[in-house]
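give me coordinates for this.
(4 chains, ligands or ions: 4)
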Amino acid sequence: MTTTQAPPATDRVTSYSRAINEALAEEMRRDERVFMMGQDIGTLGGVFGLTRGLQEEFGPVRVRDTAINETFIVGGAAGAALGGTIPVVELQFADFLFTAADEVFHKLAKWRYMHGGQFTMPVVVRLPSGVVGGAGAEHSQSLETIAMHVPGLKVAVPATPADAKGLLKSAIRDPNPVLFFEHKGLYRIKGPVPESSDVLVPFGSARVARSGTNLTVVATGLMLGRALEAAEQLAPRGIDMEVIDPRTLVPLDIDTIVASVEKTHRLMVVHEASRTAGFGAEIATQVQERAFFSLDAPVWRVCGTDTPLPQDPDLEQACIPSTDDIVTAALALAAV
Amino acid sequence: MTTTQAPPATDRVTSYSRAINEALAEEMRRDERVFMMGQDIGTLGGVFGLTRGLQEEFGPVRVRDTAINETFIVGGAAGAALGGTIPVVELQFADFLFTAADEVFHKLAKWRYMHGGQFTMPVVVRLPSGVVGGAGAEHSQSLETIAMHVPGLKVAVPATPADAKGLLKSAIRDPNPVLFFEHKGLYRIKGPVPESSDVLVPFGSARVARSGTNLTVVATGLMLGRALEAAEQLAPRGIDMEVIDPRTLVPLDIDTIVASVEKTHRLMVVHEASRTAGFGAEIATQVQERAFFSLDAPVWRVCGTDTPLPQDPDLEQACIPSTDDIVTAALALAAV
Amino acid sequence: MTSTHVPDQRTRHEHLIEIYRKVVTVRFAELRIRGHVEAEGFGGFWHPGIGQEGLQVGAIAAMQPADYLYYAHRGLGYAYAKGMDLTALFGDLLGRAVGSTGGKGGGTVHFASAEHGVLGQGGTLGSNFVLGAGTALASQLLGDGRVTVVFFGDGAAARGTWHEAAIQASVWKLPVVWVCENNGWALSARFEDQSPTPNVADRAPAYGMPGVIVDGQDAMAVMDVTAQAIDRARRGEGPTLIEAKTLRIRGHYEGDRQPYRQDQVQGDEIPNDPVHRLGEHIAVEERRAIDAEARRTVEEAFDAALAAPRPDRSVIFEDVWA
Amino acid sequence: MTSTHVPDQRTRHEHLIEIYRKVVTVRFAELRIRGHVEAEGFGGFWHPGIGQEGLQVGAIAAMQPADYLYYAHRGLGYAYAKGMDLTALFGDLLGRAVGSTGGKGGGTVHFASAEHGVLGQGGTLGSNFVLGAGTALASQLLGDGRVTVVFFGDGAAARGTWHEAAIQASVWKLPVVWVCENNGWALSARFEDQSPTPNVADRAPAYGMPGVIVDGQDAMAVMDVTAQAIDRARRGEGPTLIEAKTLRIRGHYEGDRQPYRQDQVQGDEIPNDPVHRLGEHIAVEERRAIDAEARRTVEEAFDAALAAPRPDRSVIFEDVWA
Ligand SMILES: Cc1ncc(C[n+]2csc(CCOP(=O)(O)OP(=O)(O)O)c2C)c(N)n1
Ligand SMILES: Cc1ncc(C[n+]2csc(CCOP(=O)(O)OP(=O)(O)O)c2C)c(N)n1
Ligand SMILES: [Mg+2]
Ligand SMILES: [Mg+2]
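Numbers count the residues shown, from 1 in each chain, chains lettered A, B, ... in the order given. Ligands and ions are numbered 1, 2, ... in the order given. Modelled structure (predicted):
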């Protein structure tokens, strides 16, 4: 992962998954009401190892292995929140939003509203998301746009270890339900993470991951790294890309994106989710709504294909944007 | 409902719900493999009366009342399709997509693909959609955009009796899964419908419901009527709106929309679904991708609020675009 | 059934009086709402609970004030029995600012009262199974000694959320009590046509929990079995499935003409009426006094709600976010 | 158990030989795949079915060729037993164009063969319950006399789709047979920790269907109970729940180091090995010949699959739409 800033002295380098694990541990230490449940998160420490050591530290009462029952994991979390706790639950794959969709999109998103604001719904649903190499059509999707379309859910899409930690801590302290999309392909990447357990990354603040002058690229999750790589390849070819990671889609820091486009006059949104009706469309639309006369060219999208994801790891890569795809598109867009 | 063409001699005037009922009956007569299941569709004829008389004609074996089990209604339909039948199922409210989301977005959408194209999935899911007056946050949503974002599902959003009938017949004959969003607020509207049982409305062909020169409006479902009313109010004020109903969102006839924008140079998308990441964003983005230099102004959206829908029938209207909202926005956009 | 399980030190007769008072108040509320719907029409769908008030009030009589309630959609007896204010309930129904939801309600409402542990209702049937188990889990985690009671219909019992919640609640011994109002119908579907077993309670052994069948028209009997189940839950022995046999007197919603229905019960007949069953044990004078007071309470509350202002349209933007 | 339920006129011993041949072929396939994964690594997740081959082959031996199969994720024994070509199955696994999915497979694959009634698998556990019931409904509607067999694990049995499918299948008497491979584990979760009843079959009465427990290491016994269940289904008497007791020998996926596991079975030990149980009934010479042939078949098929080309990347755009 390329970043433009050197890590401050108080940072140390750690992995995205370790950063998440630390956030969980710190928040559980801070607030006794925080508990976790999900499949295989206890003795195993999670299929992706994210919760390793937590059952040892906090015991099987606060770190609970459930049966294979996504409606209970999410709906039970909703109920447990109403009962005064702060549930942080894991669905083993983000795709399993669909096996608990009524609980996510109706109960979490709307309970407070439907009942006149009497309750809060402080639930975090951790969602290992995106392609990971051969997990198939029902275990690899990027579904964050759906969560963005249904009012009442906050949506985080961290792309770096520091953001993963800082956003997860914010999520756990948020009285609203948060869908926390962790990218499975990023679990092993490393980056600087603040030492202090008090550093939070606020929701709704985009990060300018690379500043540039010719072209703005918005990218999230796994795509951020590819966009930054593309930027390095493009720099010697005279294209100086500004790369922005919104970090949360709800709330969305559109101001930072618009300000960038007012400078660069060109925008490209890169996402892994399938193209049609993905969040790229929303960002493109908001930008042209707000900065139409600043745009020298249409907003372009470089996105996942409008296909299910094949099980084969090589074919799956063919379905999501590569660094090359971003480079090619950027060259073409700069020429419009 | 205002239409620009007079009904041909062979049409007669009938209601949207009657048109749907006729399509079901005709297709069941035509093909013995077609059957229906859902809650209360048999003896009762459906909570909205759409299937009235069908159990009498086709018997309880082909028109089946299920228990309250949306995963079975949809997943069972998927399995029944694999077993050689053509299921046309009803979810009592479109919102119940979320109680069967794994079945809709994984099984229906991806089964063929995941299994290398060996199977077809000729399933129609009928989805009473939209606000109807006091049905509440979990019985009133417009969720068609979500279906548009997940590849593998066709999506119909008929706004007139003729389209409801013609599209439903096409849907039943389609070897692909179709989500058929019927607007509950339109069930009682009347309009011309062809006499012949052979008239199909093809998917992917938008209808220019009113031709105009100054401003293109894309609207679906309940919004089509409001857009047409707005057009009548705007005509004397010098704004001649072209109103286009895409009729299906997957496939989407973007060509017709782009051609219109190339004529009018201004576009507004009106939808009842909540604004953020709704299909308006997709249409806006595609149009600026393809016709950026034809646009004299940004594409605007007039949409449902980014809130859940309140139970109260009056407050619920405050959450979706009114004719006045469309008029106001059109006047402002024309002035940009 | 003895009175050992009644939740406080009042005599059984005092309990009966109190239950009667609530049942009859709910009955008048039901009739008042029906009158309103018939006269004025109604935005939304009102699902009358008339005839089922006895079991609703009886079960809730076994709860402690701090216990949590997830009610079902059939009437407002549950919420009233748990202590909610009638004007607030009618306000919800009529879409008034005095409603417990601040006016967002109307039709099939989502009453709520954090103060009374009335945690609400999901509009999708069966969602309360998982929420209820979750709230019971919170009580187990916090050690707050509360029990959660979840109401649902015979139709909702078919939903998969039942299975997922019941297995986990049983394995974890969560303090939750499931009360099925088996009124024989799920909209137009007869229970006997859609259940593989004669009773919902027959499914309890699959979940390693007791299944108890009780006459839902006998409020006191319902109170007794619920009290036992709540005791068991509070002792940490896990959930119980109670099936209260009752009958849906009216249509699914007020206005449903029930073309699908051929059974005897039509219109206003309430076989085995819970009001009468309780009333038999009360001296005529006392009963008349209770009735009169109940009627007055209902009229006043309904009038107050009707007279209250509607909320400003701007409330639609409130309560999306905390 | 008598042989009355075997599906054709061969002698019981001929059946046993045929089942042995398939079981041992699947065993070699399991070992070949493991070898490949250990040596070459693997894109995706391979869930070994070693030790469970007996029940998979046994149950499927009771099916007619036209009957429908929804398999589970544990190995490929089901698909091979139902008649699918080994090269096609390995091709799926290895992401080759010769795979039954044309190369989209790889890892936890979705085999399929319309010709053999192998209708596939959902990646979300428990989705096969509703699909299987639906396919059985199609058979009932079309009167095609077919039965659908659905495999699933003890873990998947907790999903709500079970409840929704099982109630409807029972009420409608659909021709479906549910075969639970209870191997004691769902990934890291022990069945005994996550089930309120000692057996999955204990849940059958809730659905008004027979629940049968069988030794899953005894392929012939599994064939017999499945044959009975299939007969019952074909006669129009509705579904049966069969629970085959077995054991997960290896990790959840090949490579899983099982830090959560303390039980005795580790590595390669296969208690009550179905291969040996069947083999005892076959003369040594004959057995050796079968083994040799099975090994050769597996090697040839695997080599053929390995040698086959990978699909062109353009296949990603195929099969989205019919
Ligand atoms: C998941 C879901 N499916 C369907 C409905 C529509 N619906 C509302 S009430 C009802 C019947 C409920 O029957 P039952 O649970 O027995 O309760 P009763 O109305 O008899 O009190 C149905 C089908 C719904 N609200 N939610
Ligand atoms: C709905 C759903 N939840 C979780 C998973 C992840 N997962 C895959 S296999 C598995 C364990 C399955 O256990 P069991 O059903 O007993 O089958 P076994 O692996 O033992 O054969 C889990 C949790 C999934 N695929 N689908
Ligand atoms: Mg009922
Ligand atoms: Mg298992």
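
around ligand 2, pick out the residues from the stretch 51-200 of chain A.
With C-beta under 6 Å from any ligand atom as the criterion, the stretch 51-200 of chain A meets ligand 2 at residues A:Ile68, A:Glu70, A:Gln92, A:Phe96, A:Thr99. Where C-beta positions appear, they are placed from N, C-alpha and C, glycine not excepted.

of those residues, which belong to strands?
Among those, no residue falls in strands (DSSP state E).

stretch A:267-280 close to chain D?
No. Counting by C-beta under 8 Å from any C-beta of the partner chain, chain D has no neighbours in stretch A:267-280; the shortest distance is 10.5 Å.

err, stretch C:213-224, not the other one
No. Between stretch C:213-224 and chain D, judged by C-beta under 8 Å from any C-beta, nothing touches; the nearest distance is 14.7 Å.

pull out the buried residues from that stretch.
Neighbour-count burial for stretch C:213-224, with 16 or more other C-beta atoms under 10 Å in any protein chain shown as criterion, is recorded at C:Ile213, C:Val214, C:Asp215, C:Gly216, C:Gln217, C:Asp218, C:Ala219, C:Met220, C:Ala221, C:Val222, C:Met223, C:Asp224.

now the residues you listed in JSON lines, with distance to A:Lys169, secondary structure and pLDDT?
Listed next are those as JSON lines, based on distance: C-beta to C-beta, whole Å; DSSP: H, G, I helix; E, B strand; the rest coil; pLDDT from 0 to 100:
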{"residue": "C:Ile213", "distance to A:Lys169": "50", "secondary structure": "strand", "pLDDT": "98"}
{"residue": "C:Val214", "distance to A:Lys169": "49", "secondary structure": "strand", "pLDDT": "98"}
{"residue": "C:Asp215", "distance to A:Lys169": "53", "secondary structure": "strand", "pLDDT": "98"}
{"residue": "C:Gly216", "distance to A:Lys169": "49", "secondary structure": "coil", "pLDDT": "98"}
{"residue": "C:Gln217", "distance to A:Lys169": "54", "secondary structure": "coil", "pLDDT": "98"}
{"residue": "C:Asp218", "distance to A:Lys169": "54", "secondary structure": "coil", "pLDDT": "98"}
{"residue": "C:Ala219", "distance to A:Lys169": "50", "secondary structure": "helix", "pLDDT": "98"}
{"residue": "C:Met220", "distance to A:Lys169": "52", "secondary structure": "helix", "pLDDT": "98"}
{"residue": "C:Ala221", "distance to A:Lys169": "52", "secondary structure": "helix", "pLDDT": "98"}
{"residue": "C:Val222", "distance to A:Lys169": "47", "secondary structure": "helix", "pLDDT": "98"}
{"residue": "C:Met223", "distance to A:Lys169": "47", "secondary structure": "helix", "pLDDT": "98"}
{"residue": "C:Asp224", "distance to A:Lys169": "49", "secondary structure": "helix", "pLDDT": "98"}
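
between the residues you listed, which is closest to B:Ile239?
B:Ile239 lies nearest to C:Gly216 out of the buried residues of stretch C:213-224, by C-beta to C-beta, at 62.2 Å.

quick check, nearest of the buried residues of stretch C:213-224 to B:Ala332?
Of the buried residues of stretch C:213-224, the one sitting nearest to B:Ala332 (C-beta to C-beta) turns out to be C:Gly216, at 59.0 Å.

isn't the closest one up against C:Ile242?
No. Using C-beta atoms under 8 Å, C:Gly216 makes no contact with C:Ile242, being 9.5 Å away.

which among the residues of the stretch 51-200 of chain A next to ligand 2 gets closest to ligand 4?
Taking C-beta to the ion as the measure, ligand 4 lies nearest A:Ile68 of those, at 9.7 Å.
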